[in-house]
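Trainee: one predicted model, sequence on top.
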Amino acid sequence: MAAQGAAARRGGLRSALPLLAPAYLWLTVAIFLPLSAMVFFSFMTELPLAGKPWAFTSGNYAAFFLQSLYPTLLLASLRLGLEVTLWCIVIGYPAAYVLAKVLKGRSREAIFLLVILPFWSNGLVRIFSWAMVLREGGILDTALNAVLPFKINIDLMYSYPAVIIGLVHSYVPYMVLTCYLTLQAVDDSLIEAGRSLGASRLQLLKRVIVPLSLPGLVAGAALIFVPVVGSFMEPRILGGRTGTFYGTVIEDQFVAVFNWPLGAALSFILLAVVLVILALASPVLRRAA
Amino acid sequence: MRMPDLTALLTATAVFTSALTLAASAGEVHVLNWKGYGADEPWAVAAFEKATGNKVVNDFFNSEQEMLTKIRTNPGLYDVVMINAAFNDQAMAEKLIQPIDTSKLPNYADISKDKASSPMLDHDGKVYGVPWVWGLTALAINEKSFDKPPTSIAEMWDAAHKGRVVIRDDAVEAVQFGAIATGQNINDIKDMDAVKTKLTSLMPQIKTFWSSENDWNQLVASNQIDIGTYWSGSADRAKTHFKLPVSLVIPQEGAVAWLDAFSIPAGSKNVAGAEAFINYMIDPKFYVEWVTKVGAPVSANTKAVEALPEDAFNRKVMGDPEVAKRIQFQAPITDKQREAYLALWQQLKVDVK
């Protein structure tokens, strides 16, 4: 039996190979090779362009620990990632629940479309639209002052909240989509059973719905947290004076001073830190899955 | 379709397309410059194309480093590149640009002597950059916020403008601005601590960091700022072309001056077209039209400046010997210095968070 099973598995692998080959080839060419080149660069003193002399060094990695600047910024970026993820859960999870369990038919399709609409617009367009809304004398400020009887001054542009708003708007669809999929799979009869046994709404949420939809919640959180920690476009445009984060200093190394080795080293430190965080969270992830 | 027909069709198509590509590349001039900086004006491109038969293809950069990266990574693509004179040295040392035969540029003779003989552009008796325009990184004000224009750089530190000041997100510009504010030579900063202290006290005043002309103009249009560092040509353009309440202030403490020049990248496929384009860019006729229609910095061509009206800003103020005494031209800086400036600038930005 066992031998037969192994043979079947081997046969399965052989027949799957033509199907897997394009994806693996693409991963090798488009991801693995450039990434390896970047690892290589991160240990060099100079880029080997125009015949400049170069040598191997670990100085680029040491730079991270020698200057308080980089750890400080990394912490700020991790905090940003956590806050954005949290807001995405707060906003995205109830929306996903309503989509999966309350709405039906046409209205569900319409709301679904609205949720994924931000995905179809260019990231820069989204950020600049927020700039028009958030600034003093902008759309939000004017609209609120037109309605409210007292005068308030709303100038969120170029501040930390503006960065959060911009990022949450960009990433909340991930949370809605992943939670929607797991929430839809939750059997309605389980909820009814709980209700018939006298569970309150809060108990139902805590004991039945959230545990069963946890995989979606965790997947969404990981999908959001990782790119937000390295984000640079939103902080730069919306953050103004407070918009310096770990991602923006990496961008500076690549764009402003052409110091690719340092930029690459900083990126890999970020990658390592994110992997460590995901590894530490893996017991939770495994229980969820 | 029968086989021979198909083959014939394919061959015909191949021949036709290759002929088309050849014809196109022979007459194309690929230009790399800042966006909205003269070379991409539709009327100028149209006039040049009509006069010479070359087709202009514009590409843009957002920082000098990006420009260098683009010519490093695309050898043979560009025919003309606009390089700040302070970066010409580096581009030549990396063999990114080639010497220019100035005898092919009839307008070159009218370039002011001090600009044409600039050691930043001439190496071993060969010309690697044709001076185009020069200007200042000075201050510009939102006219709505001032009864009369300020005269001192100290205005940036005035508590009345807290949260309504902008500065460009550029380490070199910021440090050199700090050098001027502390009365130092921008090309030989002796007291870096003074610069750091001065800039540290400026940071809380700042609304945001600008990176393009468009950023600056939008901030003024929505009345979000009072004062900030700005380029002289851009301030002129904001006023002339976009009708914004912007005026340039050359503070008594001085200002940073820069010289922009055109170079021909090594491996250019259309050197003749490139020469024709550069010659057109330094032509008085183009310059006067550029200033009148759009607003521009000061031409390096003396005849072009003389063709402006007597009271034009670029002739009257920028040509004023008093102004000439105050300004300091940017010299090349080394990679090490640039990295040190960036480290300082990033530290300042983190401290203010």
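Mentor: Everything's here; your move. Predicted, not measured: the structure shown is a model, and the values here were computed from it.

Trainee: drop to CA atoms for contacts and neighbour counts, all remaining ones
Mentor: Will do.

Trainee: check which helix or strand covers the nearest residue to residue A:152 once chain neighbours are set aside.
Mentor: Nearest residue to residue A:152, sequence neighbours excluded (Cα to Cα, 6 or more residues apart in numbering or on different chains): residue A:145, at 6.5 Å. Using DSSP states H and E, residue A:145 sits within helix A:139-147.

Trainee: what's that helix packed up against?
Mentor: If you count contacts as 3 or more Cα pairs under 8 Å, 6 or more residues apart in numbering or on different chains; DSSP states H and E, helix A:139-147 packs onto helix A:123-134.

Trainee: and the helix it packs on, what's buried?
Mentor: In terms of neighbour count (16 or more other Cα atoms under 10 Å in any protein chain shown), helix A:123-134 has its buried residues at A:126-127, A:130-131, A:133-134.

Trainee: what average pLDDT does stretch A:150-158 get?
Mentor: Throughout stretch A:150-158, pLDDT has a mean value of 83.

Trainee: kindly report the residues of the stretch 51-200 of chain A close to chain B.
Mentor: Neighbours of chain B within the stretch 51-200 of chain A, by Cα under 8 Å from any Cα of the partner chain: A:69, A:73, A:136-137, A:158.

Trainee: can you tell me which of these has the most neighbours?
Mentor: residue A:158 (23 neighbours; other Cα atoms under 10 Å in any protein chain shown).

Trainee: for that residue, phi and psi?
Mentor: phi 60, psi 50 (degrees, to the nearest 10).

Trainee: who's in contact with it?
Mentor: Taking Cα atoms under 8 Å, 6 or more residues apart in numbering or on different chains, we find residue A:158 in contact with A:237-243, B:207-208.

Trainee: redo that, cut-off 7 Å
Mentor: Shown in contact with residue A:158 (Cα atoms under 7 Å, 6 or more residues apart in numbering or on different chains): A:238-241, B:208.

Trainee: equivalent analysis for residue B:342, please.
Mentor: Residue B:342 touches residue B:171, counting by Cα under 7 Å, 6+ apart.

Trainee: repeat for the one 10 residues further on
Mentor: When contacts are counted by Cα under 7 Å, 6+ apart, residue B:352 is found next to B:203-204.

Trainee: circling back: looking at the contacts of residue A:158, which are in helices?
Mentor: Using DSSP state H to define helices, the subset of these located there is A:238-239.

Trainee: with neighbour count as extra columns, can I get the contacts of residue A:158 in a markdown table?
Mentor: Formatted as a markdown table, those follow (neighbours: other Cα atoms under 10 Å in any protein chain shown):
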| residue | neighbour count |
| --- | --- |
| A:238 | 29 |
| A:239 | 26 |
| A:240 | 22 |
| A:241 | 26 |
| B:208 | 29 |
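
Trainee: where does pLDDT dip in the chain?
Mentor: You didn't say which chain, so I picked chain A. For chain A, the stretches with pLDDT under 70 are A:1-11, A:49-52, A:285, A:287-289.

Trainee: actually, chain B is the one I wanted.
Mentor: Chain B contains residues with pLDDT under 70 at B:1-26.

Trainee: what does it have sitting close to chain A?
Mentor: Proximity of chain B to chain A (Cα under 7 Å from any Cα of the partner chain) is limited to residues B:65-66, B:94, B:206-209, B:338-339, B:347, B:349-350, B:353.

Trainee: burial check on residue 276, number of neighbours?
Mentor: I'll assume chain A. 12.

Trainee: hmm, I had chain B in mind actually
Mentor: Under the neighbour criterion other Cα under 10 Å, residue B:276 is assigned a count of 18.

Trainee: just give the nearest non-adjacent residue to it, would you?
Mentor: residue B:105 (7.2 Å).

Trainee: tell me which element residue 276 is part of?
Mentor: Since no chain was named, I'll use chain A. Per DSSP H and E: helix A:260-280 holds residue A:276.

Trainee: wrong one, chain B
Mentor: Per DSSP H and E, residue B:276 falls inside helix B:271-281.

Trainee: list the contacts of residue A:45.
Mentor: Neighbour list for residue A:45: A:54-57, A:261 [criterion: Cα under 7 Å, 6+ apart].

Trainee: can you show me the helices along the stretch 51-200 of chain B?
Mentor: B:64-73, B:85-93, B:113-116, B:171-181, B:192-202 (DSSP state H, counting those that start in this stretch).

Trainee: out of these, deepest packed?
Mentor: Among the helices of the stretch 51-200 of chain B, ranked by average contacts under mean count of other Cα atoms under 10 Å in any protein chain shown, first place goes to helix B:171-181 (a mean of 22).

Trainee: dump it to CSV, restricted to CA.
Mentor: What follows is helix B:171-181 as a C-alpha-only set of coordinates in CSV (Å, rounded to 0.1, in the frame of the first residue of the first chain):
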residue,chain,number,x,y,z
ALA,B,171,20.1,66.9,1.2
VAL,B,172,22.6,68.9,-0.8
GLU,B,173,20.3,71.9,-1.3
ALA,B,174,19.2,71.8,2.4
VAL,B,175,22.8,71.7,3.6
GLN,B,176,24.0,74.5,1.2
PHE,B,177,21.0,76.6,2.3
GLY,B,178,22.0,76.1,5.9
ALA,B,179,25.5,77.2,4.9
ILE,B,180,24.2,80.4,3.5
ALA,B,181,22.0,81.0,6.5
